[in-house]
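K.L.:
what follows is a predicted protein model with its sequence.
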Amino acid sequence: MDDGVGRILETLDRLGLKDNTLVVFTADQGLCAGHHGLWGMADHARPLHTYDETCHVPLIFRHPHAIPAGRKSDLMVSNYDLLPTVLNYLGLQDSLPSKPRGPGRDYSAVLRGRSLEWEDVIFFECENTRMIRTPDWKYTRRFPSGPDELYDLHNDPGERTNLVGRSEHAAVRDQLAARLEAFFARYVDPKYDLWHGGGSKTLLLTSEQKPLR
């Protein structure tokens, strides 16, 4: 992969296209390599999981003389934010489809070195598993009856202690659950909404929507 990216960058330079080409290096998902006793990507483990190791992906932008070299950002972003960001950066914001309305947010100002008001929260879905993550908390639900998870990421960044059933954290859990429900009620494709009678995109879930184990 390193060699392939290098050949692309060398070719852009050789053809004189380096300065007017935006290069984005990213991935669709991360990988557990023994973390939490799991190997593989989120959709390759049972139960499907949302550990940070599988949710973190590389995200590198390169555009000489436009994106400041070496700049880093701590914004929490998701792959669903990529389309509006790239289109706005390229001046193609009118090409962003209005139907169906997507959840993506535009952080192109940060690429240009400007500040931006931003809510650090991301949402995740993989078949029967949904998750909301903030800087301090992560809440995961599994259709139809769990197991669910709640992690205090500030005090437990390794996601070792599941707090979902503890009464002292019920208010946090319920607040995150409400935000998770509201997000998917707005953006989910009803055809694949397992929570409300939709079907699965994979044969791993039967038509009766039995939970993965």
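P.N.:
It's in. Keep in mind that this is a model prediction, so the values were computed, not measured.
K.L.:
CA atoms for contacts and neighbours, from now on please.
P.N.:
OK.
K.L.:
how about the helices in the chain?
P.N.:
With DSSP state H as the definition, the chain shows helices at residue ranges 2-14, 52-55, 82-89, 108-111, 170-187.
K.L.:
quick one: list the elements packing against the second one.
P.N.:
Read it as helix 52-55. In terms of contacts (3 or more Cα pairs under 8 Å, 6 or more residues apart in numbering; DSSP states H and E), helix 52-55 is not packed against any helix or strand.
K.L.:
same check on the third one?
P.N.:
Under the contact criterion of 3+ Cα pairs under 8 Å, 6+ apart, the helices and strands touching helix 82-89 comprise helix 108-111.
K.L.:
which other helices and strands contact the helix it packs on?
P.N.:
helix 82-89.
K.L.:
hang on, the earlier thing: who wins for proximity to P144 among the helices of the chain?
P.N.:
Of all these, helix 170-187 sits nearest to P144, with 13.9 Å by Cα to Cα.
K.L.:
mean pLDDT lowest where, among the helices of the chain?
P.N.:
Comparing mean pLDDT across the helices of the chain, the weakest is helix 52-55, with a mean of 92.
K.L.:
got the buried residues for stretch 122-142?
P.N.:
Using 16 or more other Cα atoms under 10 Å as the burial criterion, the residues of stretch 122-142 that qualify are 122-125, 127-134, 137-142.
K.L.:
ugh, wrong one, I meant stretch 156-163
P.N.:
With the criterion 16+ other Cα under 10 Å, stretch 156-163 contains buried residues 159, 163.
K.L.:
so what's the residue nearest to the spatial centre of the chain closest to, chain neighbours aside?
P.N.:
When Cα atoms, centre = their mean is applied to the chain, the residue found nearest the centroid is S78 (3.8 Å). Ranked by Cα to Cα, 6 or more residues apart in numbering and with sequence neighbours excluded, the top spatial neighbour of S78 is I122, at 6.3 Å.
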